[in-house]
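Peer 1: sequence plus the predicted model coming up.
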Amino acid sequence: MKMNVREAAFHSLLAVCKDGGYSNIIVSKTIQKQNFDDRDRRFYTELVYGTLRTLNYLDHIISTVSTRDIKKLDPVCLAILRCGLYQLFFMDKVPPSAACNEAVKTARRFGNAGMAKFVNALLRNSLRKKETFTVPTPTEDAILHLSLTYHQPAWLVRKWVKDFGREETTALCRYFDRVPDLCIRTNTTRTTREALMTLFTQKGVPCRCALHAPEGIYLEKNPGIRTLTEIAGGLGMIQDEPSQLVAHVVAPQAGEVIFDVCAAPGGKTTHLAALGGRGCLVYGFDIYEHKLKLIKENARMLGLENIRTVLQDAVLLGRKYAAKADRVLVDAPCSGLGILRRKPDLRWRKRPEDLKALPPFQRQLLESAAKCVKPGGILVYSTCTINEEENGAVVDSFLAAHAEFKAVPVGDSLGFRQDTPYLCILPQRDGLDGFFIAKMQKA
Ligand SMILES: C[S@@+](CC[C@H](N)C(=O)[O-])C[C@H]1O[C@@H](n2cnc3c(N)ncnc32)[C@H](O)[C@@H]1O
């Protein structure tokens with residue numbers, strides 16, 4: 001069914017907030033299905049991602065204005081209110097009357113007359129009081145101040161203040177509150193970064209080189225996935241800059257066997273295969289069959305034939321494939337706290353207790369993967385989090401138990417200054433998404 005943009009945004013928000021769907025998957029499916037033109041696609045994307053990013057501030061307004069307890073509001077009503085308030089408070093170019101009227105129409109269509117009346121009253125009241133809404137000052141409540149100003153959960157802000165101090169946490173929150181540019185990794189088996197950049201520029205998409213990743217290109221305007229595929233299909237793939245550094249740290253060579261033990265959807269597997277060349281064989285393991293398909297699709301799209309996919313629990317890998325690989329990558333499942341800018345709903349899904357279960361599991365993965373490394377071979381551990389317990393602490397504990405492995409310094413060769421042999425990218429310091437890479441060599 002063809003929907004107007006605001007209705008589509010409402011349905012997407014409901015799917016994320018009520019049914020627990022992932023925003024990136026829902027947004028890309030909706031854009032495909034609705035076949036929006038460029039303007040509508042941008043408006044829709046901003047409505048969904050913007051509302052999700054600023055959710056706690058929008059709820060703060062609802063709680064202040066509403067006569068009803070926000071926890072008792074119907075999810076349909078809540079989604080309509082959040083989306084309407086986002087337009088009123090964060091989108092200067094949207095006429096307030098359009099935001100209110102469309103929200104009321106949606107409430108009438110997908111709720112009932114009573115809901116429409118309530119939505120109308122709340123939105124118009126909020127608009128009237130717009131200038132009077134405040135957040136606590138830093139002296140009144142430093143945590144709540146940061147949480148509401150930069151739209152992060154209070155428990156996470158508290159953790160960051162403990163880990164990094166108040167000043168760095170402010171810089172970190174500011175970083176996560178900005179909309180990221182899209183980063184592309186050039187498929188160097190088919191073209192060069194310069195040639196691909198020329199192509200983008202000719203098609204009216206301004207771009208710039210990534211600073212650290214040699215194949216990285218930042219697009220300063222998101223052309224949308226359809227146009228992107230038309231311009232660069234097979235010549236590149238979307239991949240964040242820090243993720244593009246991992247395959248360079250693994251540094252696959254001709255004639256080698258490489259294991260990527262947590263491989264789907266294959267961003268790093270395909271990069272390893274491209275860098276290693278035809279003479280190198282890359283095995284991408286993952287525990288989910290449907291995700292292996294994504295690796296195969298990406299390999300096909302990029303024209304890479306030296307990739308094999310295997311359905312396998314990485315925890316049991318070591319027993320099956322002892323000393324079979326020259327280089328092994330463990331790109332571990334993690335809390336993702338380094339990439340909150342790219343996944344606006346992730347911050348609201350996380351709970352403090354989720355973080356506790358991860359380090360023992362990551363340590364198990366590393367332990368198993370290490371068994372696959374041939375003598376003299378390389379083991380690389382990476383995550384997209386800035387949570388030290390999942391990063392340095394996991395690797396330190398592994399190295400303490402395995403004298404046969406030694407850390408190999410990573411940062412300098414990629415243009416980062418580091419105090420430890422590990423590369424720990426911090427958004428507030430390095431201006432990139434948070435990431436961690438450790439390289440080890442077996443004796
Ligand atoms: C951080 S993602 C990997 C991203 C991937 N390396 C890339 O660059 O595209 C972690 C992956 O680990 C997989 N995974 C989770 N538990 C696993 C296990 N026990 N064994 C193998 N893979 C697992 C997940 O399915 C997920 O695809």
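Peer 2: That came through, no problem. If you're wondering where the values come from, they're calculated on a predicted model, not measured in any experiment.
Peer 1: beta partners of residue 439?
Peer 2: Bridge pairing for residue 439 (DSSP bridges) gives the partners residue 380, residue 408.
Peer 1: isn't it up against residue 408?
Peer 2: Yes: shown here, residue 439 and residue 408 form a contact pair, counting by CB atoms under 8 Å, at 4.4 Å. Bear in mind the C-beta positions are built from the backbone N, C-alpha and C, glycine included.
Peer 1: more neighbours: which of the two?
Peer 2: When neighbours are counted by other CB atoms under 10 Å, residue 439 comes out ahead of the other of residue 439 and residue 408, with 25 against 16.
Peer 1: what about that one, distance to the ligand?
Peer 2: Counting by CB to the nearest ligand atom, to the nearest Å, the gap between residue 439 and the ligand amounts to 16 Å.
Peer 1: right, and residue 153 touches residue 347 too?
Peer 2: Yes: in this structure residue 153 lies within contact range of residue 347 using CB under 8 Å: 5.8 Å.
Peer 1: when the two are compared, which one has more neighbours?
Peer 2: A side-by-side neighbour count of residue 153 and residue 347, using other CB under 10 Å, places residue 347 first with 20 against 17.
Peer 1: my guess is that one contacts residue 156. True?
Peer 2: Yes: counting by CB under 8 Å, residue 156 is a contact partner of residue 347 at 6.6 Å.
Peer 1: so the longest helix along the chain, near the ligand or not?
Peer 2: When the chain is scanned for its longest helix (criterion: DSSP state H), the result is helix 352-371. No: against the ligand, helix 352-371 shows no contacts by CB under 6 Å from any ligand atom, the least distance being 6.6 Å.
Peer 1: show me what that helix packs onto, helices and strands only.
Peer 2: Using 3 or more CB pairs under 8 Å, 6 or more residues apart in numbering; DSSP states H and E as the contact definition, the elements that helix 352-371 packs against are helix 317-320, strand 325-331, strand 373-383, helix 392-401.
Peer 1: can I get these in JSON lines with mean neighbour count and mean pLDDT?
Peer 2: Rendered in JSON lines, the data for those read as follows (neighbours: other CB atoms under 10 Å; pLDDT from 0 to 100):
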{"stretch": "helix 317-320", "mean neighbour count": "17", "mean pLDDT": "96"}
{"stretch": "strand 325-331", "mean neighbour count": "26", "mean pLDDT": "98"}
{"stretch": "strand 373-383", "mean neighbour count": "21", "mean pLDDT": "98"}
{"stretch": "helix 392-401", "mean neighbour count": "17", "mean pLDDT": "98"}
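Peer 1: can you put those in TSV and add distance to residue 145?
Peer 2: Rendered in TSV, the data for the helices and strands packed on helix 352-371 read as follows (distance: least, CB to CB, whole Å):
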stretch	distance to residue 145
helix 317-320	46
strand 325-331	36
strand 373-383	29
helix 392-401	30
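Peer 1: closest to residue 98 out of those?
Peer 2: Relative to residue 98, the nearest member of these by CB to CB is strand 373-383, separated by 43.2 Å.
Peer 1: pull the closest one out as PDB, backbone CA atoms only.
Peer 2: Backbone C-alpha positions of strand 373-383 (Å, rounded to 0.1, in the frame of the first residue of the first chain) are rendered in PDB as follows:
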ATOM      1  CA  VAL A 373      46.200 -20.100  14.200                       C
ATOM      2  CA  LYS A 374      49.300 -21.900  12.700                       C
ATOM      3  CA  PRO A 375      52.700 -21.400  14.500                       C
ATOM      4  CA  GLY A 376      54.000 -18.000  13.500                       C
ATOM      5  CA  GLY A 377      50.500 -16.900  12.400                       C
ATOM      6  CA  ILE A 378      48.400 -13.900  13.300                       C
ATOM      7  CA  LEU A 379      45.400 -13.400  15.500                       C
ATOM      8  CA  VAL A 380      43.300 -10.200  15.300                       C
ATOM      9  CA  TYR A 381      40.500  -9.200  17.700                       C
ATOM     10  CA  SER A 382      38.200  -6.300  17.000                       C
ATOM     11  CA  THR A 383      35.000  -4.700  18.300                       C
END
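Peer 1: since that was my last question, I'll sign off now.
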